[in-house]
Structure formats: C-alpha cells, structure tokens
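Engineer: Sequence plus predicted model, see below.
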Amino acid sequence: MFGRRQGKYTNRGPGKGILSALPTPPDAGVLSCRVLDPVSEPVRHAELAVSDTLGRTVVAGSTDPYGSFVATVPAGEYRLAVSAEGYAPYRATATVPESGLASLGDLTLQISTPPALPLPGDWEIEPAHTSIGFTASRIGFARIRGRFNTFAGAIRIADPIEHSAMHVVIDASSIDTNVAVRDNHLRSADFLDVRRFPTLEFYSDRFVHKGGSHWAITGALSLHGVTRTVTLDTEYQGLGSGVEGEPRAACHATAELHRDDFTLSWQRMLARGVAAVGPSVTVDLDVQIVPKW
C-alpha cells in the first residue's frame, strides 16, 4: 500500500534554518522531508518527484546521504512521489506557503515484496516475446538502432538460483537496422564478417543478486572470433502466464560492448575512410522465458 502523509507548514525550529539558508523568491516556499527505512535509517539516493495538481512534474531529485530532500518551489498544492530500490512507493501531499516551509518530516518506506522467481528446471527463450537490440553512435551521424531477428537460448534454473546457467546463440546474419545497404555492410568483413563468424554466443553460470529486482549475469560473449567477459545489468520483472496459462518469466537487461575488445577497430576504419560506428555499442534485451517441456 502507498503511504500518505499531509505536509504541515512550520516556520519554527529547524525550518527557520532551512529558510535562511535557501534564497527564496517572494512567491515561493520550501518543501522538505527525510526518507527513512523501517528501522529509521536514512535511505540515500531515493528518487523524489514533486508534481502540481495537474500532474506536471515541477522538480525531481534524490535524497542526500542522510536521507534528506529540500526543494524551492512556487507556493501551492503539491504531490510528492518517493521511490527507492527494494521499497514500496510512497505518496504524500503538501501545501507550500509563500516565503514559508512545508516540512513533511520523516517519511518511512516499507520493504517491497520481491517478485517470485521461476521454478528450478530447464527453460528456453521465447523468440516471439523477446528482442535483442542495440544502439551505436555513428561517427559524424545520428545514432544507429538495430536488432538481431534470429536467436535461441536455454536457461537451467537451479536451486539456489545463483547457480543457474544460460546459453544464447544469435545468428549474426540476422542483423537488421532497417536499411538493406547498411545491413549488408555490417555483415561484411568490415564488421561482423558473418561468413567466417556466423554466430554470436553468450554463456553464463554466474547469477549475482544485486538487491531488489536487480541481478548481474556475468558470462563469456564470443563475437567475431573473440571471447570476452561481459556482465548483463538485469532487472527481473517477475512471473506471468500466457494465453493458455503456461508460466513465463521476464527480464530486461543491458550491457555496453567496446568494439576494440572484439577486434572491430573503429579507428582503423576511420583511417580507411569508412563511415564507422563509434567505439562502443549498447545492447538492450527484453527477454521472456518459458519452461522447456
């Protein structure tokens, strides 16, 4: 459940210090609060958004190392939304007076219930609900966005899940940036060289829980005949069911690849006059898995 707390105006005690420390226009006031966890420890780097009565964000920011948040805003009615990894969202309202302080005091966040994990066993990537995309800067041009259309993958969920393993194989020739001439160039020896290296492969047996719904999946990526260690920054999105009631699990993952690590030298291509992709590529994955029957 969302917590709710009505802000109260005060111009005594600590409020006076805040007002004197912040330059405040005549038609504005100060909104402040402190964000705590259930044992009254400060929640640092909690995200806060202050919106007006029309739902427009007026100011956004994060708490300091002591869990505090202070903002100067035009006088009026506001809604405050607080979010932090591993905690349930918090909502509060406040009335900020002219040249005054609306202090919400201490806001206590409650621990959120983590999403259920998939059951141990063999699972496989469902291509129809999975995308493997990438974004790259092109020297002197706009960003290039693309995807790989053909891939397959299997995941063995272990108990505990940290001992799980996964193997993904991507058809290098299925690269697709929606421009045929460019795609043919990317398949050529200048880039992926798909005749010599027809697949990209990723294998991992290291799943590390980073807190809340965040995981780090570290493994070996083989691309262009070179294998390097890559970590996927992964957000687990929970379990669901398909049209026929079959279980499925979903996650979103990102990683940054450096082209020189895989002997795809952007500097060498520039020297040859090739309009090259920049030195790094961001990989973006939306993955759904289903049990392998």
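Structural biologist: Great, that's in hand.
Engineer: Quick check, pLDDT for residue 213.
Structural biologist: Looking at residue 213, its pLDDT stands at 87.
Engineer: Could you check what's spatially nearest to it, not counting adjacent residues?
Structural biologist: Once flanking residues are discounted, residue 213 sits nearest to residue 236: 4.8 Å by C-beta to C-beta, 6 or more residues apart in numbering. In this view, the C-beta of every residue, glycine as well, is placed from N, C-alpha and C.
Engineer: what's the neighbour count on the one you found?
Structural biologist: Other residues near residue 236 number 21, with proximity taken as other C-beta atoms under 10 Å.
Engineer: so what's it up against?
Structural biologist: Shown in contact with residue 236 (C-beta atoms under 8 Å, 6 or more residues apart in numbering): 115, 117, 213-215, 249-251.
Engineer: same question, residue 51
Structural biologist: When contacts are counted by C-beta under 8 Å, 6+ apart, residue 51 touches 57-58, 78-81.
Engineer: Which residues does it form beta bridges with?
Structural biologist: Beta-bridge partners recorded for residue 51 (DSSP bridges): residue 57, residue 79.
Engineer: Return the helix or strand in the protein with minimum mean pLDDT.
Structural biologist: Scoring the helices and strands of the chain by mean pLDDT, DSSP states H and E places strand 8-10 at the bottom, with a mean of 37.
Engineer: mind giving me the domain split of the protein?
Structural biologist: 8-108, 121-291 (automatic domain parsing).
Engineer: Relative to residue 77, how far out is residue 259?
Structural biologist: Distance of residue 259 to residue 77, computed by C-beta to C-beta, to the nearest Å: 51 Å.
Engineer: More neighbours: which of those two?
Structural biologist: residue 259 (21 against 12).
Engineer: what's the distance between that one and residue 182?
Structural biologist: 16 Å.
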